[in-house]
Each structure stands twice: as C-alpha cells, then as structure tokens.
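S.K.: After the sequence you'll find the predicted model.
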Amino acid sequence: MYILDQTNELDIDSPEFDVRNNEVKNQRKMLFDYFIMKACTVDILMYKGLTEEKILKQMKKLFKNQRVKTDHHGKCYKFFLDDAARSWITANNISECTSVIYDKHDKVIADFNRHVSFYEQVPLPCGVLPVKELPFQLEIYIPDKDRERDVDLQEQAKSYYINTDYDCMEKFAFETIENLYFYPLSIYIETHDGEQRQMQKDWAEYDVEYIDSGQRVLTLSSKGMYHAASF
C-alpha cells in the first residue's frame, strides 16, 4: 500500500508553509484525477457546509447514483462513471472530499480521507510513501482566541486543539506536549463523570498534580455531563 506524503513541518507563519500546503493539495488532486480516470464507481461523502456541496448536488442531477449506508455523519452517494462523468469530475475539483474509488470489479483502488491511500505505483510527480498500514495522523490547530471561554490567548498562552480518529488521545497529548513545551505547564481536560479517577491512575507514572476546576459542561451529543479538570 502507498500513501501521499502530506507532511508539513515548516513554521505555520512562514510563506514556505503555504507553498508546501498548496503542493500537497495539488498532488492530492493529481492522484484523484488519475484514479477517477481508471474508475467505474466512486463513493463520495456529502457534508452540509462543505465547499464542494453545490458541485456534488449538481453531480446527483447529472449522473447515475445511489445512496449508500455509512457510519459517517454525512450522506454517502455512489456515482456510476462513464467517460462524460469522468471528464466532468476532473474538470471540477472535488479531490478534498472524502471518497473511495472502485475499479470495474468493485475493488477499492484508492481512498481519499485524512490519508490518500492506494495500491499501485503511479507514474506521477507526487511524494509517495510505501506503508504496511495507515500511520496515525494528527491535525493540530493553534487558535489565538478561546471562543468558548471568551479568552484572548495571543501572546499569553497557546490552546492546542488536537484532531484525530484514534482513541489513544492521552498518549498523543503527552508526546506532543513533551516536544513543544518546557515544564511546568497546565493542561485543561474535559472528561465524563468518573473518568478523572481512571485518568489519575493511568497517569500516575507522570509528575502530574490533579486540580479539580469545579466546572461542568453539558454536552450536545449525548446530553451527558463533562467533568472539567486541570492537570
């Protein structure tokens, strides 16, 4: 299996970061167009508010499709491709969409999600890495303002939002912090009631002091209560 090399370790405030970011986007589109031209069908997830939402709605009117069951929050549609559909798709950039591309035997030939993964060598000028399995991928955002608590963080503190599909967030959080900060430092964490005791037990090997913040947050998803704590 192969994946597109999407690494960008440059300073986010530097112009070189944007150059590298655009390079990755262009290579993603290059790979998407390459596999679409070889495909017979493609499954595409449609999310409300997605930049490409209007294009995808137009695709539903133009090309044969069917609704596909999915565990994702968005709606998934399978599009059946002929030459006209392939040409139309490559002319309209939807490579950023979450999609799975199939060959004539209904076999997956490429998967465009957080990673871009595929199963053959490609004759394209793209940075490609051979892998046995998909590596963990983290997206780290550093906002200048904590809008939830109406706190301006610029030049005072950095609030890192770590986005990942994986469950081992504690391990990632500590490894990330160890590479970014000097100690001592404070981490604000929200957990469900009762989980703070398990977290204290799991983190006992670290030099961590637990401080109950006394705050409680109502979640919108499960209507349960979060227990907010600082470490």
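M.R.: On my side now, so go ahead.
S.K.: Am I right that residue 31 falls within a helix?
M.R.: Yes - using DSSP: H, G, I helix; E, B strand; the rest coil, the secondary structure at residue 31 is a helix.
S.K.: Please list all residues in contact with it.
M.R.: Contacts for residue 31 were tallied using C-beta atoms under 8 Å, 6 or more residues apart in numbering; they are 4, 95, 110, 112, 116, 118, 122, 124, 126. Just so you know, the C-beta spots here come from the backbone N, C-alpha and C atoms, and that holds for glycine as well.
S.K.: List the single closest residue to the second one in space, sequence neighbours excluded.
M.R.: Read that as residue 95. Distances taken as C-beta to C-beta, 6 or more residues apart in numbering place residue 32 nearest to residue 95, at 3.7 Å, with adjacent residues excluded.
S.K.: Could you list the single helix or strand in this protein with the lowest mean pLDDT?
M.R.: strand 225-230 (a mean of 46; mean pLDDT, DSSP states H and E).
S.K.: can you map out the helices along this structure?
M.R.: Taking DSSP state H, the helices of the chain run over residues 15-36, 53-62, 83-91, 169-180, 195-202.
S.K.: Domain-wise, how is the protein divided?
M.R.: What automatic domain parsing lists as the domains of the chain is 2-130, 139-230.
S.K.: mean pLDDT for the ones you listed: which is lowest?
M.R.: Mean pLDDT across the domains of the chain is lowest at domain 139-230; the value there is a mean of 59.
S.K.: related to what we said a few turns ago, mark which of the contacts of residue 31 are buried, thanks.
M.R.: Neighbour-count burial within the contacts of residue 31 applies to 4, 95, 110, 112, 116, 118, 126; the criterion is 16 or more other C-beta atoms under 10 Å.
S.K.: Return the closest of the residues you listed with respect to residue 59.
M.R.: residue 95 (13.8 Å; C-beta to C-beta).
S.K.: Surely that closest one touches residue 101?
M.R.: No - the pair residue 95 and residue 101 does not pass the contact test of C-beta atoms under 8 Å, sitting 10.9 Å apart.
S.K.: can you pull the contacts of the closest residue to residue 24 other than its chain neighbours?
M.R.: Spatial nearest neighbour of residue 24, chain neighbours left out: residue 6 (5.0 Å); criterion: C-beta to C-beta, 6+ apart. Counting by C-beta under 8 Å, 6+ apart, residue 6 makes contact with 24, 28, 115, 116.
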